[in-house]
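Enquirer: How does the following fold in three dimensions:
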Amino acid sequence: MVAAVLAGAVLTPAVSASGAPDAASVGRIHADGSRFVDESGRVVVLHGVNNVDKAPPYIEPGDGFTVTAEDAAALAGHGFNTVRLGVSFDALMPTEGVVDTAYLDRVAGVVDTLAQYGIHTLLDNHQDGLSKPWGGNGFPEWAIHSRPGVGEPNLGFPFFYLMPSMNAGWDEVWNNTYGVLDELGAALGALAARVSGHPGALGIELLNEPWPGSAFLSCYPNGCPGFDVKYQAAMQKLTDSVRARNGDLLVLWEPNVTWNETMPTNLGKNPPISAPDIAFAPHDYCIPSQLAIYSGLPAFLRGLCPLQQGKTWGNIDSFTARTQLPTLVTEFGDGDAAVLRNTLVNADNRFVSWQYWHYTSRFGAGAPKPDPFTGDLGRQLVRTYPRATAGTPGRMIFDPDTGDFAYRYTPGAGTTEIYVSDVHYPDGYAVRVEGGRVTSAAGARVVTVAADGSAPVTVYINRPGSKGATVPSGPIGTGSADSGSGSGSGTGSA
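Expert: Sure, this is the predicted structure:
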């Protein structure tokens, strides 16, 4: 392919959406202050999806649910470089004290498959509703002694969290009453050991959406510092179990799930978080939206979502300022386009990584299924973005309506990589660099940039003939950019 140089821009033809990005390879990612960095010290941004199987037999590639090599190729082609793969205590240790090694092998197999396409796997210890006796999942029945009372009402998700019997079960967890944290630590340690030496394993998320149990009322209206001290001790105990078997993994801590109702977390206050390679794993949902989706409440309540999500991102900012740990938003979206857009704008403003909820295999049983990332959803989630920055990131902006992208960074050693959306440029894209030069081939799905010196580098990517975007002013996290505006002059919601 021949590149045409016009007014300082390189015009590159479109590339088929079926092709995976160049140089699909993975190496260890670790935390460096509030950023994720790769083995070369470049600052990494992760964009990806969830694939969480909550029902037995769990993680069976080819079953039409679990991601396969075909899914990995398609996801990588859309620029996704991470998958949050659901695992569960119930599957890891179906019998007390006995780890299911066949299940561990299946997990490791998926990790290796995704790694072949440049995708990093976060292993998410998932639960929703504690355990099967409540209609939930996650903890094996043998691990929890509490049971629903005779005639005790159960209204299902999310209202079953208010059941006294479930709160008693969660109290067993946090008090380690019957050794459940010890057994969970052993199970997660076995998982960590099994993926040792597998470069695609990004880390382990210790527990999805942990409920405070009978302490939940103390979390309103401004968070629950008393419970969070106990909760942080539990997270540290599980972290130690993982690190005893594999010291190379990131370990991700979620806030207790009242976070989803805008309650701030007190993690890292008493005591500070001092262990290395810890990252924060909040979710960004809107309660009015979820009640409209799951409980049939009026859809107009979704108009409250920008207010709620603004508070959630303010809580993320407070946590980051306090702990200087990196954030990976491990769930958001859930079928609401407005909520989705709010999350993506806020994440771009802060250079924060994310994993969309939810993706199910397009292949295997019932295949092939339509690609969910070619319509309106894809125009939001498939984004041009700097997946690895050689230097210090500055501001960036991406307009999902036009494909206009602009990014500025202060260079360091190495090459910066920018994934170019395979959705937004049907007639190819133009790339222009100030303070550096493009080193990738014309038409590459991943544009590589080398700096000319130590001055800031600015990269512009847009459709041919577009006026392009302008890099927003101000430091990262000010919220002065609006990804819906190519000018970068919008107000944002941070």
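Enquirer: ok, Tyr356 touching Phe332?
Expert: Yes - between Tyr356 and Phe332 there is a contact under C-beta atoms under 8 Å: 6.5 Å. Yep, even glycine has a C-beta here, placed from its N, CA and C like the rest.
Enquirer: Quickly list what's touching both of these two.
Expert: Leu340 (C-beta atoms under 8 Å, 6 or more residues apart in numbering).
Enquirer: you'd agree Val83 is in a strand?
Expert: Yes - membership of Val83 in a strand is supported by DSSP: H, G, I helix; E, B strand; the rest coil.
Enquirer: where does the protein have low pLDDT?
Expert: 1-24, 478-494 (pLDDT under 70).
Enquirer: Just the CA trace of the helix ranked longest in it, in CSV.
Expert: Ranked by residue count under DSSP state H, the longest helix found in the chain is helix 225-245. The C-alpha coordinates for helix 225-245 follow below in CSV (Å, rounded to 0.1, in the frame of the first residue of the first chain):
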residue,chain,number,x,y,z
PRO,A,225,-15.3,3.0,57.7
GLY,A,226,-15.9,0.4,60.4
PHE,A,227,-16.9,-2.3,58.0
ASP,A,228,-14.2,-1.4,55.5
VAL,A,229,-11.5,-1.9,58.1
LYS,A,230,-12.7,-5.5,58.5
TYR,A,231,-13.1,-5.9,54.7
GLN,A,232,-9.6,-4.6,54.0
ALA,A,233,-8.2,-7.1,56.4
ALA,A,234,-10.0,-9.9,54.5
MET,A,235,-8.7,-8.6,51.2
GLN,A,236,-5.2,-8.5,52.5
LYS,A,237,-5.6,-12.1,53.9
LEU,A,238,-6.6,-13.3,50.4
THR,A,239,-3.9,-11.3,48.7
ASP,A,240,-1.3,-13.0,50.9
SER,A,241,-2.7,-16.4,49.9
VAL,A,242,-2.4,-15.5,46.2
ARG,A,243,1.1,-14.0,46.6
ALA,A,244,2.3,-17.1,48.5
ARG,A,245,1.7,-19.1,45.3
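Enquirer: Whichever helix or strand comes after it pairs with which strands, parallel or anti?
Expert: Scanning forward in sequence from helix 225-245 by DSSP states H and E, the next helix or strand is strand 250-253. Looking at strand 250-253 with DSSP bridges, its partner strands are strand 201-205 (parallel), strand 278-280 (parallel).
Enquirer: among those, which is nearest Leu181?
Expert: Proximity to Leu181, assessed across the strands paired with strand 250-253 by C-beta to C-beta, is greatest for strand 201-205 (15.0 Å).
Enquirer: what number of residues lie near Ile273?
Expert: Counted by other C-beta atoms under 10 Å, the residues lying close to Ile273 total 19.
Enquirer: Just confirm it contacts Thr320, I think it does.
Expert: No - using C-beta under 8 Å, Ile273 makes no contact with Thr320, being 12.0 Å away.
Enquirer: Distance to Met235 and mean neighbour count added to the strands paired with strand 250-253, as JSON lines?
Expert: Converted to JSON lines, those look like this (distance: least, C-beta to C-beta, whole Å; neighbours: other C-beta atoms under 10 Å):
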{"stretch": "strand 201-205", "distance to Met235": "11", "mean neighbour count": "28"}
{"stretch": "strand 278-280", "distance to Met235": "9", "mean neighbour count": "24"}
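Enquirer: Output the ones you listed in CSV; the columns should cover distance to Thr258.
Expert: Formatted as CSV, the strands paired with strand 250-253 follow (distance: least, C-beta to C-beta, whole Å):
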stretch, distance to Thr258
strand 201-205, 18
strand 278-280, 16
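Enquirer: Can you tell me the number of residues neighbouring Arg341?
Expert: Neighbour tally, Arg341, other C-beta under 10 Å: 19.
Enquirer: Kindly report the same for the one 5 residues further on.
Expert: Asn346 sits with 27 neighbouring residues when counted by other C-beta under 10 Å.
Enquirer: Begin at 34 from now on, thanks
Expert: Okay, using 34 as the starting number, the last item reads as Asn379.
Enquirer: which element is it on?
Expert: Using DSSP H and E, Asn379 sits in helix 370-383.
Enquirer: List the buried residues of that helix.
Expert: 372-383 (16 or more other C-beta atoms under 10 Å).
Enquirer: And the helices in the protein, which stretches?
Expert: So, for the chain - with DSSP H - the helices run 102-110, 122-125, 134-148, 197-208, 213-227, 258-278, 320-328, 338-356, 370-383, 409-414.
Enquirer: buried ones in the fifth one?
Expert: So the one you mean is helix 213-227. Buried residues in helix 213-227, counted by 16+ other C-beta under 10 Å: 213-214, 216-225, 227.
Enquirer: And for the first one?
Expert: For helix 102-110, a neighbour-count test (16+ other C-beta under 10 Å) marks 104-110 as buried.
Enquirer: Equivalent analysis for the fourth one, please.
Expert: Taking 16+ other C-beta under 10 Å as the neighbour-count basis, helix 197-208 is seen to contain the buried residues 198-203, 205-207.
Enquirer: Can you give the contact residues for that helix?
Expert: With C-beta under 8 Å, 6+ apart as the contact definition, helix 197-208 has outside contacts at 162-164, 167, 169, 172, 177-182, 185, 193-194, 210-211, 213-214, 244-249, 260, 263-264, 267.
Enquirer: now that helix and helix 213-227, what's the angle there?
Expert: Following axes from the mean of the first three to the mean of the last three C-alpha atoms, to 10 degrees, one obtains 60 degrees for the angle between helix 197-208 and helix 213-227.
Enquirer: what's the distance between helix 197-208 and the middle of its chain?
Expert: How far helix 197-208 lies from its chain's middle: 28 Å, per C-alpha atoms, centre = their mean, to the nearest Å.
Enquirer: The shortest one now?
Expert: In this view, helix 122-125 has its centroid 22 Å away from the chain centroid, taken as C-alpha atoms, centre = their mean.
Enquirer: Show me which of the buried residues of helix 213-227 is closest to Asp138.
Expert: Closest to Asp138 out of the buried residues of helix 213-227 is Arg227 (7.6 Å), distances taken as C-beta to C-beta.
Enquirer: Now that closest one: closest residue in space, sequence neighbours ignored.
Expert: What sits nearest to Arg227 in space, not counting adjacent residues and going by C-beta to C-beta, 6 or more residues apart in numbering, is Leu137, at 4.2 Å.
Enquirer: That neighbour: what's it in contact with?
Expert: Contact analysis of Leu137 by C-beta under 8 Å, 6+ apart lists 125, 223-224, 227.
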